[in-house]
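Asker: With the sequence up front, the predicted model follows.
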Amino acid sequence: MNSSSHTPDEGLIREIGVRTLSLSIVNLVVGAGIFVLPGVVAAQLGSAAIVAYLVCSLAVGLVFLCFAEIGSRITRSGGAYAYIEEAFGPFAGFIASMLLWFGWSALSDAAITVAMVGALALAFPILAEPVPRSIFIITLLSFLAAVNVIGVKAGVRLFVFNTMAKLIPLVLLLAFGIFAIKFENLAIMEWPPIATVGGGAIILFFAFAGAESGLSASGEIKNPSKTVPLGLLLGLTGILALYVGLQTVSQGVLGAELANNMDAPLAAVATEVFGEWGAKMLLVGGVISIYATVSGDMLSAPRVVFASARDNNLPKFLATVHPKYKTPYVSIIFFAAVVCVFALSGTFKPLAVLASGSILIIYGGVSLAVLRLRHRDGEPNPGQFKLPFGPVIPVLSCLVVGWLLWQLTVEEATALAALIGVSVLLYAIRIVSKRAQGRSKL
């Protein structure tokens with residue numbers, strides 16, 4: 001039996017099924033961005049914005065088809081980290097783990113926590129004060145950590161509830177907004193250049209990021225060879241339908257005015273559809289959306305820390321499983337503390353810049369890992385998901401990721417290179433330390 005088909009016993013409980021995984025993916029992807037996305041894309045593409053969604057859905061589909069195959073073969077905790085580590089070894093795995101749990105999950109969670117507190121401060125000005133703000137952030141993250149320590153079922157229940165709560169205002173706006181559409185507003189009067197469509201697709205690609213985090217708890221997914229591909233398919237299909245529907249309703253209701261509402265376009269649409277209370281509903285929905293995303297990450301991201309520690313890439317104590325609750329509780333507490341530290345810094349843009357670049361590197365690594373495992377271990381076993389057309393889809397996925405990385409600004413590329421450099425340094429220190437310990441025992 002090859003290594004990619006082995007299912008290890010990590011001491012965790014497999015409680016996550018297709019429905020829960022697909023909801024987790026929806027929760028982790030549909031964050032605060034959807035509340036501003038329609039206006040941003042309309043400002044760039046006008047009524048042709050829907051074209052960018054179709055281009056982006058193709059690009060995202062290529063990447064996550066790779067996740068579907070490799071996720072059905074490698075079933076231990078860690079998600080993208082485990083896939084890259086299995087394919088390319090400890091060094092690549094260490095870099096991937098740092099980019100995934102720190103560069104992506106921790107920093108993006110800290111950034112959107114800052115955004116959430118800023119939104120709440122509009123309604124509760126006391127949260128703009130340093131001490132109440134800090135107490136609120138610490139209390140919030142402590143609560144989320146405690147729920148996930150108690151057990152994976154408790155963590156699953158929390159994010160399922162939060163996901164449903166944040167989807168309700170969006171689905172209501174979609175359902176009632178259809179009847180307020182003025183169809184002349186949907187007519188594409190002028191087709192934008194390909195380069196402009198590409199720019200819009202890049203913005204949307206980042207809005208689709210996050211689905212991979214749902215696979216970080218692979219060690220707690222039931223029958224992963226079937227659950228992972230199906231969960232990804234259902235989750236991403238639901239997200240695409242929601243995004244396209246909201247863009248269509250927004251364009252149909254506001255028309256050319258949509259491009260002038262870049263800060264809160266959905267709130268403007270809700271005001272037209274429901275009246276003044278509609279804007280308040282969307283404000284509450286935005287706060288719940290951010291909270292739900294952080295709660296979902298609190299379930300998935302600590303599993304990457306746990307998996308990396310179990311593989312001796314991080315301190316071993318981080319791989320400790322709670323004797324009663326069977327959860328990686330030390331990793332959960334550690335991850336919550338890291339998010340808390342950066343959220344207390346009060347910065348948003350630098351955190352978001354690092355997060356965006358980190359996840360693109362991960363996507364490229366997973367696409368290459370599919371090719372590596374096929375070359376080393378052969379085709380997926382019967383019962384595991386297999387991509388059609390041989391190497392075509394992984395190669396196209398790599399090209400898409402490379403094109404997107406090429407669009408990064410100098411500031412973004414420099415920050416990403418610095419994070420990778422620090423990760424390489426930490427790995428070198430780890431190797432030197434291990435060798436020193438080995439010599440001392442002789």
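Answerer: Sure, I can see it. Residues are numbered from 1 along each chain as shown.
Asker: in the protein, which residue is closest to the centre?
Answerer: Gly210 (1.5 Å; Cα atoms, centre = their mean).
Asker: Would you mind measuring from it to Arg303?
Answerer: Separation of Gly210 from Arg303 (Cβ to Cβ, to the nearest Å): 15 Å. All C-beta spots, glycine's among them, are computed from the backbone N, C-alpha and C.
Asker: pretty sure Leu387 is in a helix, no?
Answerer: No: secondary structure of Leu387 (DSSP: H, G, I helix; E, B strand; the rest coil): coil, not part of a helix.
Asker: Can you report how many residues lie near it?
Answerer: By other Cβ atoms under 10 Å, the residues close to Leu387 number 20.
Asker: For Ile188, give me its contacts.
Answerer: By Cβ atoms under 8 Å, 6 or more residues apart in numbering, the residues touching Ile188 are 46-48.
Asker: per-residue confidence for it?
Answerer: The score at Ile188 is 79. That number is its pLDDT.
Asker: How is it assigned, secondary-structure-wise?
Answerer: Classification of Ile188 into helix, strand or coil gives coil, according to three-state DSSP.
Asker: Kindly report the same for the one 3 residues further on.
Answerer: Recorded secondary structure, Trp191: coil (three-state DSSP).
Asker: what about it, how many neighbours?
Answerer: Trp191: 12 surrounding residues under other Cβ under 10 Å.
Asker: Identify the residues contacting Gln384.
Answerer: By Cβ under 8 Å, 6+ apart, the contact list for Gln384 reads 5, 69, 72-73, 225.
Asker: hang on, it in a strand?
Answerer: No: Gln384 sits outside any strand when classified using three-state DSSP, being coil.
Asker: And it, how close does it get to Ile221?
Answerer: As for Gln384, its distance to Ile221 is 14 Å (criterion: Cβ to Cβ).
Asker: Same check on Val55?
Answerer: Counting by Cβ to Cβ, the gap from Val55 to Ile221 is 31 Å.
Asker: Those two - which one has more neighbours?
Answerer: Neighbour tally, Val55 and Ile221, criterion other Cβ under 10 Å: the higher count belongs to Ile221, 27 against 17.
Asker: Now that one. Nearest residue, chain neighbours left out?
Answerer: Ile16 (4.6 Å; Cβ to Cβ, 6 or more residues apart in numbering).
Asker: doesn't Leu23 make contact with the one you found?
Answerer: No: because the distance of 9.9 Å does not satisfy Cβ atoms under 8 Å, Ile16 is recorded as not touching Leu23.
Asker: more crowded one of these two?
Answerer: Under the neighbour definition other Cβ under 10 Å, Ile16 and Leu23 were set side by side, and Ile16 has more, 27 against 24.
Asker: So, low pLDDT: which residues of the stretch 251-400 of the chain?
Answerer: 262-263, 346-350, 352-353 (pLDDT under 70).
Asker: now the helices: where do they sit in it?
Answerer: 265-274, 276-310, 329-343, 349-377, 392-406 (DSSP state H, counting those that start in this stretch).
Asker: and of those helices, who's closest to Val30?
Answerer: With Cβ to Cβ, the closest approach to Val30 among the helices of the stretch 251-400 of the chain belongs to helix 276-310: 6.7 Å.
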